[in-house]
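Asker: Any chance you can model this:
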Amino acid sequence: NGDPAETGLLGRYSLLPLAEVVALYLERSPGSYGWEDGLEDDGVVFETVPFGRVKRLSRNDFWVTVGSDRGGDYIAVDLDPAERGQRGQVIEYGRNIYGPLDYVSPSVLTMLTEVVEALRAGHHEVRDDRYLRAEVPRDEPPSYEEVLDGPGTDLDEPELVQRVYLNDYADVDLAVFEPLTSLRALSVNSATTVTPSIGGLKALESLEIAADSVDLAALAGHPTLWYVQLA
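Answerer: Here you go, the predicted model:
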């Protein structure tokens with residue numbers, strides 16, 4: 001029923017008191033993790049990596065916040081996973097999590113086990129002479145967005161890129177981004193001529209273009225594009 005001493009049983013996270021779990025769940029919309037996008041926003045929801053484990057939603061009644069780092073970040077138990085996910089998997093959200101949710105662990109039990117194993121191996125540090133902080137290595141999630149000064153797509157993991165900003169490029173045909181198979185939002189800034197050949201960008205939902213000239217006919221008939229801003 002909570003961990004007020006922040007004993008480090010879940011690494012940098014501490015379990016919340018049950019009453020706070022219930023209060024957070026019922027605050028505003030059950031299962032929400034703080035999104036309050038207005039109707040004027042593009043509102044693209046990006047997918048958590050690894051793909052297919054967490055449903056691509058902005059909120060879910062079956063995401064239950066159970067822990068906090070007392071610094072604005074939270075963990076939630078996901079009771080409604082995607083096809084490749086696991087019921088009870090742990091996801092992370094908060095003021096330091098940008099874009100999609102982060103996938104943390106298959107379960108709270110797995111997190112506890114990793115902490116115990118790290119403590120037994122001596123991989124920990126003492127904080128404030130009162131509790132141990134286990135050193136559990138975690139991979140940094142790959143960036144979901146890229147800022148480019150040219151239309152090349154020579155990226156380490158192009159299939160994971162979901163948002164791209166292309167800045168200060170003269171003439172560009174957007175078909176060059178077709179290798180980015182998960183691209184959902186594309187912003188082209190300060191271009192001269194843009195040919196938005198986006199038929200091959202099958203996941204694209206949001207397109208923003210600031211340019212001297214745009215071939216609007218190339219936008220017609222895209223199956224998933226629903227937000228367009230031209231300037």
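
Asker: Low-confidence ranges, this protein, go.
Answerer: The model of the chain has pLDDT under 70 over residues 28-42, 128-132, 151-153.

Asker: what comes up buried for stretch 104-115?
Answerer: 104-108, 111, 114-115 (16 or more other Cβ atoms under 10 Å). Where C-beta positions appear, they are placed from N, C-alpha and C, glycine not excepted.

Asker: Identify the residues contacting that stretch?
Answerer: With contact meaning Cβ atoms under 8 Å, 6 or more residues apart in numbering, stretch 104-115 is reached by 8-11, 66, 75, 77, 86, 88-92, 134, 136, 138.

Asker: rewinding a little: tell me which of the buried residues of stretch 104-115 fall in strands.
Answerer: Mapping the buried residues of stretch 104-115 onto strands (DSSP state E) picks out 104-105.

Asker: Look at the closest residue in space to residue 167 that isn't next to it in sequence and tell me its secondary structure.
Answerer: Leaving aside its chain neighbours, residue 167 sits nearest to residue 189 (4.9 Å; criterion: Cβ to Cβ, 6 or more residues apart in numbering). Classification of residue 189 by DSSP: H, G, I helix; E, B strand; the rest coil places it in strand.

Asker: if we can go back for a sec, whichever of the contacts of stretch 104-115 end up buried, select them in ChimeraX.
Answerer: In ChimeraX, this line selects whichever of those come out buried by 16+ other Cβ under 10 Å:
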select :8,9,10,11,66,75,77,89,90,91,92,134,136
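
Asker: residue closest to the middle of the chain?
Answerer: The centroid of the chain falls nearest to residue 100 when counting by Cα atoms, centre = their mean (1.3 Å).

Asker: How many neighbouring residues does the residue nearest to it when sequence neighbours are not counted have?
Answerer: Excluding the flanking residues, the one nearest residue 100 by Cβ to Cβ, 6+ apart is residue 46, at 4.1 Å. Residue 46 has 19 neighbours, counted by other Cβ atoms under 10 Å.

Asker: you'd agree residue 46 is up against residue 99?
Answerer: Yes: contact between residue 46 and residue 99 holds when scored by Cβ atoms under 8 Å: they sit 5.0 Å apart.

Asker: Name the residues contacting each of these two.
Answerer: 144, 162-163.

Asker: And the helices in this structure?
Answerer: With DSSP state H applied, the chain shows helices at 18-26, 108-120, listed in chain order.

Asker: Show me what counts as buried in the first one.
Answerer: Of the residues in helix 18-26, 21, 24-25 count as buried by neighbour count, 16+ other Cβ under 10 Å.

Asker: just to revisit the earlier point, so for residue 209, which of the helices of the chain sits nearest?
Answerer: Of all those, it is helix 18-26 that lies closest to residue 209, at 39.7 Å by Cβ to Cβ.

Asker: Verify the stated contact: the residue nearest to residue 167 with residue 168.
Answerer: Yes: Residue 189 lies in contact with residue 168 (Cβ under 8 Å); the separation is 7.0 Å.

Asker: before we move on, the earlier item: of the buried residues of stretch 104-115, closest to residue 208?
Answerer: Using Cβ to Cβ, residue 104 comes nearest to residue 208 of the buried residues of stretch 104-115, at 31.7 Å.
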